[in-house]
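Undergrad: Below are the sequence and a predicted model; questions follow.
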Number of protein chains: 2
Amino acid sequence: MSDMEKVRARLGELRVSIDNIDSALVHMLAERFRRTHEVGVLKAEHGMPALDAAREAEQVARLSALAERSGLDPDLMKKIFQMVVEKARMNHRAIAEERRPATRDENA
Amino acid sequence: MSDMEKVRARLGELRVSIDNIDSALVHMLAERFRRTHEVGVLKAEHGMPALDAAREAEQVARLSALAERSGLDPDLMKKIFQMVVEKARMNHRAIAEERRPATRDENA
């Protein structure tokens, strides 16, 4: 095997690992949204607000510390977290909207 | 236990699961960047480009299908994937830059 063939073989191995990790990430994220969906239903049923700023601040602090310890860029982690939380919050608002009694006048 | 206490207890359980999933996501992402770091070093050592558009298109197609099957919003998945890949690409460029022989005139 030439040097370049060895490099290509190693790259191929790394790509299989990266693909496996990405598949795991997709499934973990899907599972996270299943959990936040249940949170959204509970909150809508009991008239609780979609946003809990104190909880979110705690999450960011905990995950930032975890990111630093595991060698993940905390800024990237925060950006992804905000994107995921914003999507969960939009979903919560949609759930609350769906469950709101239809009291509005259609001609209003 | 009152109804509201039950709701708060269930919310608390869901939050523990969400926190566990988030910890797993942080660790999987950290591991992904360890793998892409090795890819970056190999590419830099052998003068290969940081970007592989065909590989990226394959990844997006595969992960979009996986997202749909697992109930994750494919658009959110793509946004996160692009953010992660862009960060990995920046890291690759930095690795290549570090390893480039210092041939430039400091006064240039």
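TA: That came through fine.
Undergrad: hey, let's count contacts and neighbours off CA atoms from now on
TA: OK.
Undergrad: who does the longest helix along chain A touch, helix- and strand-wise?
TA: Looking across chain A with DSSP state H, the single longest helix is helix A:3-45. Helix A:3-45 sits against helix A:74-99, helix B:3-45, helix B:53-70, with contacts defined as 3 or more C-alpha pairs under 8 Å, 6 or more residues apart in numbering or on different chains; DSSP states H and E.
Undergrad: From the contact counts, what lies against the shortest one?
TA: Based on contacts counted as 3+ C-alpha pairs under 8 Å, 6+ apart, the elements that helix B:53-70 packs against are helix A:3-45, helix B:74-99.
Undergrad: which residues are in contact with stretch A:5-23?
TA: With contact meaning C-alpha atoms under 8 Å, 6 or more residues apart in numbering or on different chains, stretch A:5-23 is reached by B:28-29, B:31-32, B:35-36, B:38-39, B:42, B:59, B:63, B:66.
Undergrad: How much space separates A:Arg55 from A:Arg69?
TA: 21 Å (C-alpha to C-alpha, to the nearest Å).
Undergrad: which of the contacts of stretch A:5-23 are buried?
TA: Among those, the ones that count as buried by 16 or more other C-alpha atoms under 10 Å in any protein chain shown are B:28-29, B:31-32, B:35-36, B:39, B:42, B:59, B:63, B:66.
Undergrad: pLDDT at A:Phe33, what is it?
TA: Looking at A:Phe33, its pLDDT reads 98.
Undergrad: Over to A:His46?
TA: 93.
Undergrad: What of A:Val26?
TA: So, for A:Val26, pLDDT stands at 98.
Undergrad: residue contacts, it?
TA: Applying C-alpha under 8 Å, 6+ apart, we find A:Val26 in contact with B:63, B:66-67, B:70, B:72, B:77.
Undergrad: now those residues in JSON lines, with pLDDT and distance to B:Arg89?
TA: Shown next, in JSON lines, are those (pLDDT from 0 to 100; distance: C-alpha to C-alpha, whole Å):
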{"residue": "B:Leu63", "pLDDT": "98", "distance to B:Arg89": "19"}
{"residue": "B:Leu66", "pLDDT": "98", "distance to B:Arg89": "23"}
{"residue": "B:Ala67", "pLDDT": "98", "distance to B:Arg89": "23"}
{"residue": "B:Ser70", "pLDDT": "98", "distance to B:Arg89": "27"}
{"residue": "B:Leu72", "pLDDT": "98", "distance to B:Arg89": "25"}
{"residue": "B:Met77", "pLDDT": "98", "distance to B:Arg89": "18"}
